[in-house]
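Participant: Have a look at this prediction, sequence included:
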Amino acid sequence: MLHTSIEEIAKYNGKEVKLQGWLYNLRSSGKIHFLQVRDGSGFIQGVMVKNDVGEELFNKVKEMSQESSVTVEGIVKEDHRAPSGYELSITNVELVHKADEYPISKKEHGTDFLMDHRHLWLRSPRQVAIMKIRDTLVKATRDFFHKDGFTLVDAPILTPSSCEGTTTLFETDYFDTKAYLSQSGQLYMEAAALALGKVYCFGPTFRAEKSKTRRHLIEFWMIEPEMAYVEFEENLQIQENYLTYIVEEVLEHNKKELEVLDRDLTKLESIKAPFPRITYDKAIELLQEKGEDIKWGDDFGAPHETIIAEQFQKPVFVTHYPTKIKSFYMKPDPQRPEVVLAADLLAPEGYGEIIGGSERISSLDLLMERVEQENLPLDAYQWYIDLRKYGSVPHSGFGLGLERTVAWVCGLDHIRETIPFPRMLNRMYP
Ligand SMILES: NC(=O)C[C@H]([NH3+])C(=O)NS(=O)(=O)OC[C@H]1O[C@@H](n2cnc3c(N)ncnc32)[C@H](O)[C@@H]1O
Ligand SMILES: [Mg+2]
């Protein structure tokens, strides 16, 4: 018997095949069973006619519960009405394991209930579609940077210091001292970039942020490229080419999944480099014209980012933020030291900041000045300062938040659906 997957079934039109999966749903009408079968690669309908399979098997299937694991044999039939384009005319069904009464029935469930059952909710067509798009974004990321000569360098998770400020650090015991879960692999990528030229890391990062919003996770995954001899403007060009590429890859490989999510494809088809840029100064003026109570030197909140992004059809770079509200490592603009050569990329449709990046300080004196201004513990940063003593060069990089990018590409209301097992302010289960 030909064993295949639902994803590959088109190759076997008219042939008898065997699938191994789960009974997503069973509907019967008189002498016909309609089985919705899933196998992780997709969903397909199988039709079982009593007169074809006999009373015993027909009645055996009637007893199979939702989400029971089953093997299904049948003849592949093209059917343009079917979402997968094919149906199975079932000849046999074997029960592998009869599922207990499945808690996620077809009716609507509340968010907390679904989150408490995330280990099962993940099986639904919508969650499968999101995970497949996440996978494409990750593969496209690796392809893009590998093709462009970047080396993957893995940053440590246990670190001796902060990168993005001490207010969101997760502290843990480390034998007779303390360690902090990584907020960002950036500082290590700067060391790696001086060794390998163009590098990136991709891993989990942690922020003990007491933010209960639709954009914040406690544990999220970040892609962090770092490039030696790349200055501010070129850093932006790399970001827009990267984002354009990964969105194109989703449009090419995940049309079926985007359809499951009812995503408006025109919103993604317009994502082409170059992206517009607006300075922080101009953004403040824009917000004040819109009646927002904000002044120069304030940081932007989510509503501000939404207003700014609404002025554009593509992601927009906000550049040259005030030095005082940005991270210590960012290079002040030589022409105007009160602002830094940094840019946040704001996604359209209210998704906010998906990328944070900057040119880094390459001058030892300037970095020492900033470390002192920020009262950073010299011993924990000595290795990072050393990078400015031994062949320092202009260098830049950025961090793309994978989950915020998944939320935007999929058109999701909340970031919790973008990661298999979300860690949030009031949730660390399952
Ligand atoms: N290598 C770098 O230059 C990255 C730099 N050290 C950094 O961590 N920048 S960032 O804090 O803006 O975070 C970068 C992105 O990381 C995402 N991010 C940042 N914080 C979160 C939370 N809490 N939840 C989900 N996503 C988050 C968001 O897309 C940000 O734009
Ligand atoms: Mg940021």
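Facilitator: Now that the structure is in, tell me what you want to look at. Ligands and ions are numbered 1, 2, ... in the order given.
Participant: What's the nearest residue in the stretch 1-150 of the chain when you look at ligand 1?
Facilitator: L137 (12.8 Å; C-beta to the nearest ligand atom). Where you see a C-beta, it was placed from the backbone N, CA and C, and this is true even at glycine.
Participant: Quickly find the element holding that residue.
Facilitator: Using DSSP states H and E, L137 falls within helix 125-147.
Participant: And for E224?
Facilitator: strand 219-228.
Participant: ok, back up a step: for the residue of the stretch 1-150 of the chain closest to ligand 1, list the residues it contacts.
Facilitator: The contact partners of L137, taken as C-beta atoms under 8 Å, 6 or more residues apart in numbering, are 246, 249-250, 402, 405-406, 409.
Participant: Can I get the helix holding L137 in PDB, CA atoms only?
Facilitator: Listed in PDB are the C-alpha atoms of helix 125-147, where the atom choice follows Å, rounded to 0.1, in the frame of the first residue of the first chain:
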ATOM      1  CA  PRO A 125      -6.300  24.300  11.200                       C
ATOM      2  CA  ARG A 126      -5.800  28.000  12.200                       C
ATOM      3  CA  GLN A 127      -2.900  27.200  14.600                       C
ATOM      4  CA  VAL A 128      -1.300  24.800  12.100                       C
ATOM      5  CA  ALA A 129      -1.500  27.500   9.400                       C
ATOM      6  CA  ILE A 130       0.200  30.000  11.700                       C
ATOM      7  CA  MET A 131       3.000  27.600  12.700                       C
ATOM      8  CA  LYS A 132       3.600  26.800   9.000                       C
ATOM      9  CA  ILE A 133       4.000  30.500   8.200                       C
ATOM     10  CA  ARG A 134       6.300  30.900  11.200                       C
ATOM     11  CA  ASP A 135       8.400  28.000   9.800                       C
ATOM     12  CA  THR A 136       8.600  29.700   6.300                       C
ATOM     13  CA  LEU A 137       9.700  33.000   7.900                       C
ATOM     14  CA  VAL A 138      12.500  31.100   9.800                       C
ATOM     15  CA  LYS A 139      13.600  29.100   6.700                       C
ATOM     16  CA  ALA A 140      13.500  32.200   4.600                       C
ATOM     17  CA  THR A 141      15.600  34.100   7.200                       C
ATOM     18  CA  ARG A 142      18.300  31.400   7.200                       C
ATOM     19  CA  ASP A 143      18.300  31.200   3.400                       C
ATOM     20  CA  PHE A 144      18.500  35.000   3.000                       C
ATOM     21  CA  PHE A 145      21.500  35.400   5.300                       C
ATOM     22  CA  HIS A 146      23.300  32.300   4.200                       C
ATOM     23  CA  LYS A 147      23.000  33.400   0.600                       C
END
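Participant: quick one: average pLDDT of that helix?
Facilitator: Helix 125-147 carries an average pLDDT of 98.
Participant: Show the secondary-structure elements that the strand holding E224 is packed against.
Facilitator: helix 186-196, strand 198-206, helix 232-253, strand 395-401, helix 402-410 (3 or more C-beta pairs under 8 Å, 6 or more residues apart in numbering; DSSP states H and E).
Participant: Show residues contacting the longest one.
Facilitator: The reference is to helix 232-253. Taking C-beta under 8 Å, 6+ apart as the criterion, the residues outside helix 232-253 that touch it are 133, 136-137, 139-141, 143-145, 225, 227, 230, 258, 265, 268-269, 271-275, 277, 315, 317, 319, 331, 341, 343, 345, 355, 357-359, 396-398, 400, 405, 409.
Participant: hang on, the earlier thing: could you check whether the strand holding E224 is close to ligand 1?
Facilitator: Yes. Applying C-beta under 6 Å from any ligand atom, one finds strand 219-228 touching ligand 1 at 220, 222, 224.
Participant: Do you know the pLDDT at the last one?
Facilitator: In other words, E224. Residue-level confidence at E224 comes out at 98, pLDDT.
Participant: Thanks again, I'm all set now.
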